[in-house]
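# Please work out how this folds:
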Amino acid sequence: MKKKLFLTISLIVSLTACKKETSTTNSENNVNSEDINFNYSGTAIGKFGDDVTDVEGNKYKTVFIGKQQWFAENLKVTKYNDKTPIKNIERNFTDYVKDSMWRKNTDPAWCYLDNMPKNKYLGLLYNFYVIDNGSKKNACPEGWRIPNNDDWNELINFLGGKEVAGDKLKEMGDKHWASGNLGTNTSLFTAFPVEGNNDGYWWSNSDGYKDLTYIYKSYLSLDHSKSLATIGPDADKNKAFPIRCIKN
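Presented below is the predicted three-dimensional model:
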């Protein structure tokens with residue numbers, strides 16, 4: 001009887017331990033943001049809103065800045081919000097010639113920084129075909145969209161204009177930015193670069209410079225050592241930039 005009781009207790013303890021281990025193990029899609037610095041220096045201009053979850057279960061902090069509501073993190077999803085997969089293409093980050101598979105591709109595609117899943121918390125890198133996909137599929141969660149130049153300019157102007165908005169948008173410190181970063185993050189937007197650490201770029205769903213044969217695309221540009229926040233006009237569609245979503 002004592003032996004049976006001991007075995008029963010041992011089995012319960014074992015099952016409980018297994019159950020506990022399973023419940024605390026995060027899947028790859030449920031990335032936490034503990035390595036992002038959401039702190040700020042000075043008086044906060046923005047105000048955090050409710051978290052938002054995408055179609056894969058990734059959660060994002062959101063922030064109200066003026067009349068707009070933005071993601072306070074970069075998009076991490078590998079599917080459109082109708083669950084259509086987006087192609088994953090590995091890149092060669094150090095050799096332009098060997099990176100030709102990414103550069104020549106014209107399908108919607110994403111990649112991890114350095115092709116390493118552990119970097120997913122930074123957000124994924126996307127080409128512009130994810131946005132301009134011919135079928136109006138949306139990578140942002142329902143009720144959210146890719147910002148256009150009007151959205152970016154409204155954000156920049158609310159923060160005092162392009163000469164000073166950059167510091168208010170940038171994550172503090174040099175964990176992700178290069179040394180000399182002047183970011184105060186008073187907007188709580190918490191912008192940081194994904195590829196390289198001197199400059200950060202985020203897609204805009206707007207046309208940029210046009211020549212006789214090609215329409216370039218626009219993007220938000222921030223510099224680690226300057227207070228500027230500018231709209232760049234000259235990105236090829238095969239560039240790899242992160243995405244921030246804005247509420248409809």
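# Disregarding residues adjacent in the polypeptide, which is nearest to the residue most central in space within the chain?
Nearest residue to the geometric centre of the chain (CA atoms, centre = their mean): residue 74, 1.3 Å. Closest residue in space to residue 74, ignoring its immediate chain neighbours: residue 123 at 2.3 Å, by CB to CB, 6 or more residues apart in numbering. In this view, the C-beta of every residue, glycine as well, is placed from N, C-alpha and C.
# wait, doesn't the one you found sit right on residue 72?
No. Residue 123 is beyond contact range of residue 72, at 11.2 Å (criterion: CB atoms under 8 Å).
# Mind jotting down where the strands sit in the protein?
Listed in chain order, the strands of the chain (DSSP state E) span 47-48, 52-53, 59-60, 62-65, 68-71, 87-88, 109-111, 125-126, 144-145, 199-210, 215-223, 229-235, 246-247.
# which stretch among these comes nearest residue 168?
For residue 168, the closest of those is strand 229-235, at 8.3 Å, according to CB to CB.
# buried stuff in that closest one?
229, 230, 231, 232, 233, 235 (16 or more other CB atoms under 10 Å).
# and the second one, how far is that from residue 172?
Look at residue 230 and residue 172: by CB to CB, to the nearest Å, they are 21 Å apart.
# do the same with the last one
Using CB to CB, residue 235 is found at 27 Å from residue 172.
# List the contacts of the closest residue to residue 114 other than its chain neighbours.
Excluding the flanking residues, the one nearest residue 114 by CB to CB, 6+ apart is residue 93, at 5.9 Å. Applying CB atoms under 8 Å, 6 or more residues apart in numbering, we find residue 93 in contact with 99, 113, 114, 115, 195.
# Let me see the contact set for the fourth one.
What that stands for is residue 115. Counted by CB under 8 Å, 6+ apart, residue 115 has contacts 90, 91, 93.
# Show me the helices in this protein, by range?
Using DSSP state H, the helices found in the chain span residues 2-23, 100-104, 149-158, 165-169.
# Now do stretch 240-248: distance to the chain's middle.
7 Å (CA atoms, centre = their mean, to the nearest Å).
# Nothing else from me, thank you.
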